[in-house]
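Colleague: got a predicted model here, sequence first, then my questions.
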Amino acid sequence: MSRVAVVGGGLAGLAAAYRLMRLGLEPIVLESDSGFGGKVQTECTDGLVLEQGPDSFLVRKPEVVQLVRELGLADDLVALQPRGSGSSIYARGRLHAIPPGLMLGLPTEVWPIVRSGLLSPLGKLRAAGDFILPRDRGEGDQPLGQLVARRLGGEVLDRLVAPLLTGIYAGDPWSMSTEATFPQLLELERRDGSLVLGARRLRRKAPKLSTPPGPMFMTMRRGLAQITETLEAALPTACLRPQSPVTDLTASGGGYRLTLQSGEEIQADGVILTLPAPGAGYLLRDLAPAAASSLFAVPYTSLAVTQMAYRAEDVPTLKGSGFLVDRAASLTITACTYVVNKWPHESPDAVLLRCYLGRAGDDPLGVEDEDLLGAVRQDLATVLGIRAEPWLQRVYRWPSAMPQYTVGHVARMAAVFEHLHDLPALALAGASYRGVGMPDVIRQANQAAEDVARTLSQVDREEESPRTN
Ligand SMILES: Cc1cc2nc3c(=O)[nH]c(=O)nc-3n(C[C@H](O)[C@H](O)[C@H](O)COP(=O)(O)OP(=O)(O)OC[C@H]3O[C@@H](n4cnc5c(N)ncnc54)[C@H](O)[C@@H]3O)c2cc1C
């Protein structure tokens with residue numbers, strides 16, 4: 001049986017190892033940390049389900065739901081609750097409901113925007129420029145911020161599109177690749193000459209698409225770590241190697257030799273690298289130097305997530321899923337999720353609020369926990385008027401956690417994957433490469449496992465053929 005070393009035991013590594021096992025190969029997962037799951041971590045305490053990293057996944061991309069069903073966890077899928085839909089934006093000193101009729105973060109109807117207090121009169125006038133400005137016929141990638149500000153003005157960018165779209169990546173809109181994140185926007189300008197008219201066309205078409213009806217987001221009853229823990233449990237214990245940072249990777253004996261920090265060497269027929277890009281670059285520095293230099297160049301932002309549990313009587317009635325923050329607002333947090341509305345099973349006896357800190361150019365981690373929590377409480381007092389102390393509060397720190405897909409990312413990654421074609425049965429998967437969301441990560445893991453399995457089965461066939469002839 002061919003042995004495949006999987007470097008990194010986050011969601012990508014565990015999913016790849018599981019797929020390898022299902023394909024009849026022997027995976028060995030080498031994880032530097034003392035536990036598995038990477039960014040997918042859940043703390044269950046005091047009757048609360050506290051998500052430390054991701055809190056839900058997009059259902060339109062089917063990979064998570066498919067894996068959950070395969071793992072026998074379908075009964076534990078939880079759909080976004082209707083009272084947790086509809087979000088607000090904190091701008092100009094107050095909350096504004098996000099105007100209806102948005103598509104890809106762009107307005108498709110004029111009146112909701114005109115009536116909304118989100119934009120100033122001048123900002124609304126500038127946004128109308130989208131209908132008359134000439135289209136850019138350029139073919140290449142461009143920063144999302146540049147595209148949106150050029151067509152709709154800086155206010156639409158800062159108060160609507162940036163909080164909605166760049167928030168997912170904790171990115172700087174002025175360096176973030178449109179092609180890697182929302183490629184449809186490039187197409188809208190090229191085809192329709194106006195982002196608003198293009199978004200309206202897409203919206204008209206949307207009901208006709210054959211997407212099954214159902215919730216947009218889902219999570220798991222006992223938190224998303226239920227997925228990674230079940231993957232871990234499905235793999236043979238002997239193949240799970242925590243506290244095993246890989247420091248070196250060389251070609252050896254028709255396969256690969258991996259060296260651990262302890263000095264131990266592991267021989268494998270194939271390798272799947274699921275660690276963040278700079279780490280993968282380091283391991284590939286001799287085997288694929290050109291790929292390595294592109295991988296070193298992927299920047300990261302650090303994030304913090306806080307969870308605060310309040311008594312119901314201490315919090316005003318909260319409507320919708322939460323709020324996002326205008327980039328120009330002087331708050332510490334970038335967004336707040338009303339967990340109590342979206343996922344009430346996570347806090348049956350409390351009002352749980354989850355806040356996000358950090359974005360490109362703004363590292364929240366140089367601050368002590370107490371100060372960070374104090375700043376979040378201050379923001380919640382400013383925006384929601386909550387003056388009471390939470391009865392439970394947590395900070396989860398994520399240094400260099402979110403890969404930044406900067407302009408040219410798609411082309412750079414295509415070149416990296418091209419270079420790796422010269423290394424048989426070696427594949428890359430994970431958030432740094434071709435999509436940061438959980439479904440994207442699982443899709444890449446499945447693909448990597450299948451590619452490696454296919455190469456190894458060809459090698460087996462070639463080795464067998466002289467004997468059978
Ligand atoms: C705060 C936050 C909120 C998020 N929210 C959402 C959300 O709501 N929905 C969603 O879909 N996605 C969300 N994401 C994104 C998603 O969680 C991640 O993209 C995904 O979990 C990444 O999985 P991964 O396996 O690619 O990487 P990781 O989880 O980073 O795993 C990589 C692993 O490699 C290990 N490693 C590193 N170096 C070595 C080495 N040399 N040797 C061995 N092991 C090594 C690391 O310890 C780590 O365990 C969020 C991310 C963060 C940080």
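Modeller: Received it, and whenever you're ready, just let me know what you need.

Colleague: in stretch 129-149, which residues are buried?
Modeller: Neighbour counts over stretch 129-149 (16 or more other Cβ atoms under 10 Å) mark Asp130, Asp141, Gln142, Pro143, Leu144, Gly145, Gln146, Leu147, Val148, Ala149 as buried. (Each C-beta comes from the backbone N, C-alpha and C, glycine too.)

Colleague: and the third one, what does it touch?
Modeller: The one in question is Gln142. Going by Cβ atoms under 8 Å, 6 or more residues apart in numbering, Gln142 touches Asp136, Thr178, Leu186, Val407.

Colleague: for Leu58, grab the count of nearby residues.
Modeller: Residues within reach of Leu58, counting by other Cβ atoms under 10 Å, total 17.

Colleague: and it, what is it in contact with?
Modeller: Met216, Phe217, Gly437, Met438, Pro439.

Colleague: restricted to helices, list these.
Modeller: Among the contacts of Leu58, the residues falling in helices (DSSP state H) are Met438, Pro439.

Colleague: who wins for most neighbours among the contacts of Gln142?
Modeller: Counting neighbours by other Cβ under 10 Å, Thr178 comes out on top of the contacts of Gln142 with 26 neighbours.

Colleague: from Ile227, how far out is the closest residue to it other than its chain neighbours?
Modeller: Spatial nearest neighbour of Thr178, chain neighbours left out: Leu144 (4.6 Å); criterion: Cβ to Cβ, 6 or more residues apart in numbering. Relative to Ile227, Leu144 is positioned 30 Å away (Cβ to Cβ, to the nearest Å).

Colleague: Asp55 now?
Modeller: Asp55 is 13 Å from Ile227, by Cβ to Cβ.

Colleague: before we move on, the earlier item: the residue nearest to Thr178 contacts Gln184, correct?
Modeller: No. If you go by Cβ atoms under 8 Å, Leu144 and Gln184 don't touch, sitting 11.5 Å apart.

Colleague: joint contacts of the two?
Modeller: Applying Cβ under 8 Å, 6+ apart, one finds that no residue jointly contacts Leu144 and Gln184.

Colleague: show me what contacts Ser2?
Modeller: Listed by Cβ under 8 Å, 6+ apart, the contact partners of Ser2 are Leu25, Glu26, Asp269, Gly270, Leu456, Asp460.

Colleague: Ile28 now?
Modeller: Neighbouring residues of Ile28 by Cβ under 8 Å, 6+ apart: Arg3, Val4, Ala5, Val6, Cys239, Arg241, Ile266, Ala268.

Colleague: report pLDDT for the fourth one.
Modeller: Read that as Val6. Looking at Val6, its pLDDT stands at 98.

Colleague: elements contacting the helix or strand containing it?
Modeller: Assigned by DSSP states H and E, Val6 belongs to strand 3-7. The helices and strands touching strand 3-7, judged by 3 or more Cβ pairs under 8 Å, 6 or more residues apart in numbering; DSSP states H and E, are helix 11-22, strand 26-30, strand 246-252, strand 255-260, strand 265-268, strand 270-273, helix 438-468.

Colleague: which stretch in these has the least confidence?
Modeller: Comparing mean pLDDT across these, the weakest is helix 438-468, with a mean of 87.

Colleague: can that helix be found next to the ligand?
Modeller: Yes. Helix 438-468 reaches the ligand (Cβ under 6 Å from any ligand atom) through Met438, Val441.

Colleague: just to revisit the earlier point, Asp55 and Ile227: who's more crowded?
Modeller: Ile227 (27 against 21).

Colleague: could you look up the SS state of the more buried one?
Modeller: Taking DSSP: H, G, I helix; E, B strand; the rest coil as the rule, one finds Ile227 in the helix state.

Colleague: what residues are up against it?
Modeller: Ile227 neighbours (Cβ under 8 Å, 6+ apart): Leu11, Val40, Val64, Leu67, Val68, Leu71, Leu73, Met220.

Colleague: could you find the closest non-adjacent residue to the third one?
Modeller: I take that to be Val64. Phe57 (4.5 Å).

Colleague: what pLDDT is listed against the one you found?
Modeller: Reported pLDDT for Phe57: 97.

Colleague: how many residues are close by it?
Modeller: Residues lying near Phe57 (other Cβ under 10 Å) number 23.

Colleague: please parse this structure into its domains.
Modeller: Annotated domains of the chain cover 3-40+224-298+406-468, 42-60+74-84+300-403, 98-208 [automatic domain parsing].

Colleague: need the ones you listed in a markdown table (columns: distance to Tyr90).
Modeller: Listed next are the domains of the chain as a markdown table, based on distance: least, Cβ to Cβ, whole Å:
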| stretch | distance to Tyr90 |
| --- | --- |
| domain 3-40+224-298+406-468 | 24 |
| domain 42-60+74-84+300-403 | 5 |
| domain 98-208 | 9 |
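
Colleague: and the stretch 251-400 of the chain, which residues reach the ligand?
Modeller: Contact residues (Cβ under 6 Å from any ligand atom) of the stretch 251-400 of the chain with the ligand: Thr274, Leu275, Pro276, Gly279, Leu303, Val305, Trp398.

Colleague: packing partners for the helix or strand where the fifth one lies?
Modeller: If I follow you right, that is Leu303. Under the criterion of DSSP H and E, Leu303 resides in strand 300-310. Applying 3+ Cβ pairs under 8 Å, 6+ apart, one finds that strand 300-310 contacts strand 48-51, strand 351-357, helix 369-384, strand 392-403.
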